[in-house]
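Novice: Have a look at this prediction, sequence included:
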Amino acid sequence: MDGTLVNSDAVVERCWGRWAERQGLDPATVLAVAHGRQGHATMAALLPDRPAELNLAENERMLAEERADTEGVVPVPGAPAFLAALAGLPHALVTSADLPLAEVRMAAAGLPLPPVLITAESVGASKPDPEGFLKGAAALGFAPADCLALEDSAAGLAAAHAAGIPTLGIGPRALPHHPTAHTPTLTPVTITPNPDGTLTLTIHP
């Protein structure tokens, strides 16, 4: 969702920037870890000696803060047309956000929720663990290798690769992490349904 369909960078930078300052950490270092992960997993990675209970409690406060802040949340260019083209076709949202935050951000960006939702509540492990993508593929009824994961972050791309799913990297954050293919936005991407039930995604120059 974040970085692939919804540009929520402004909110993420504000919320995690404040958290970084409270912890005496460099905001840029925190943001390099935060994208694509559940909040408590970010905290655990940055402050490995903290009790998990503290991270989970602080994550709940962070989620509430993020749900209350939608200023600057906009669709990634091309996302409205991309989701419209997927209407009625098999696709899933696999996000590290919880369901309420996913609903808030998709609504703020004016985007419809996909029919299959794999959110933070659906998994026991955050990206870069592959659990979310494996559950998404299973819910769609496809083998992982027959799916395509759209991702923008290091954690998300690592999760998809671990799941055995080819990747389409979206935006500049994805480039250093070896996606199968890459596009700066969704604007040049079109979807063609095939008679055998598969889909062809084309990135136009």
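Specialist: Okay, I see it.
Novice: Identify the residues contacting the worst-scoring helix or strand of the chain on mean pLDDT?
Specialist: The helix or strand of the chain with the lowest confidence, counting by mean pLDDT, DSSP states H and E, is helix 27-34 at a mean of 92. Taking contacts as CB atoms under 8 Å, 6 or more residues apart in numbering, the residues outside helix 27-34 that touch it are 12-13, 16-17, 19-21, 42, 45-46. Bear in mind the C-beta positions are built from the backbone N, C-alpha and C, glycine included.
Novice: I'd like the list of those residues that fall within helices, please.
Specialist: Among the contacts of helix 27-34, the members falling in helices (DSSP state H) are 12-13, 16-17, 19-21, 42, 45-46.
Novice: Format these as CSV; extra columns: distance to residue 179.
Specialist: Formatted as CSV, these follow (distance: CB to CB, whole Å):
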residue, distance to residue 179
12, 20
13, 23
16, 24
17, 27
19, 28
20, 27
21, 32
42, 21
45, 22
46, 25
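Novice: confidence score at residue 123?
Specialist: pLDDT, residue 123: 97.
Novice: That one contacts residue 133, doesn't it?
Specialist: No - the pair residue 123 and residue 133 does not pass the contact test of CB atoms under 8 Å, sitting 9.7 Å apart.
Novice: Would you map the strands across the chain?
Specialist: For the chain, the strands defined by DSSP state E occupy 6-7, 74-75, 92-94, 116-118, 149-151, 167-170, 181-183, 189-193, 199-203.
Novice: Comparing these, which comes out most buried?
Specialist: Among these, ranked by average contacts under mean count of other CB atoms under 10 Å, first place goes to strand 149-151 (a mean of 27).
Novice: Can you give the strand pairings for that one, parallel or anti for each?
Specialist: Here strand 149-151 has these sheet partners by DSSP bridges: strand 167-170 (parallel).
Novice: Residues in contact with the strand it pairs with: which ones?
Specialist: Taking contacts as CB under 8 Å, 6+ apart, the residues outside strand 167-170 that touch it are 3-4, 76, 148-152, 157, 160-161, 174-175, 177, 179-186, 189, 201, 203.
Novice: Let me see the contact set for residue 16.
Specialist: By CB under 8 Å, 6+ apart, the neighbours of residue 16 are 27, 30-31, 34, 42, 62.
Novice: What separation do you get for it and residue 182?
Specialist: To residue 182, residue 16 is 25 Å away according to CB to CB, to the nearest Å.
Novice: Residue 155 and residue 196: what is the separation?
Specialist: With distances taken as CB to CB, residue 155 is found 33 Å from residue 196.
Novice: neighbour-wise, which of the two wins?
Specialist: residue 155 (24 against 5; other CB atoms under 10 Å).
Novice: Surely the more buried one and residue 38 touch.
Specialist: No - applying CB under 8 Å as the test, residue 155 and residue 38 come out as separate, 9.4 Å apart.
Novice: shared neighbours, those two?
Specialist: Applying CB under 8 Å, 6+ apart, one finds that residue 155 and residue 38 are jointly contacted by 96, 126-127.
Novice: For these, could you give me TSV that also reports pLDDT, neighbour count and distance to residue 107?
Specialist: Output for the shared contacts of residue 155 and residue 38, formatted as TSV (pLDDT from 0 to 100; neighbours: other CB atoms under 10 Å; distance: CB to CB, whole Å):
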residue	pLDDT	neighbour count	distance to residue 107
96	94	27	18
126	95	21	23
127	96	28	23
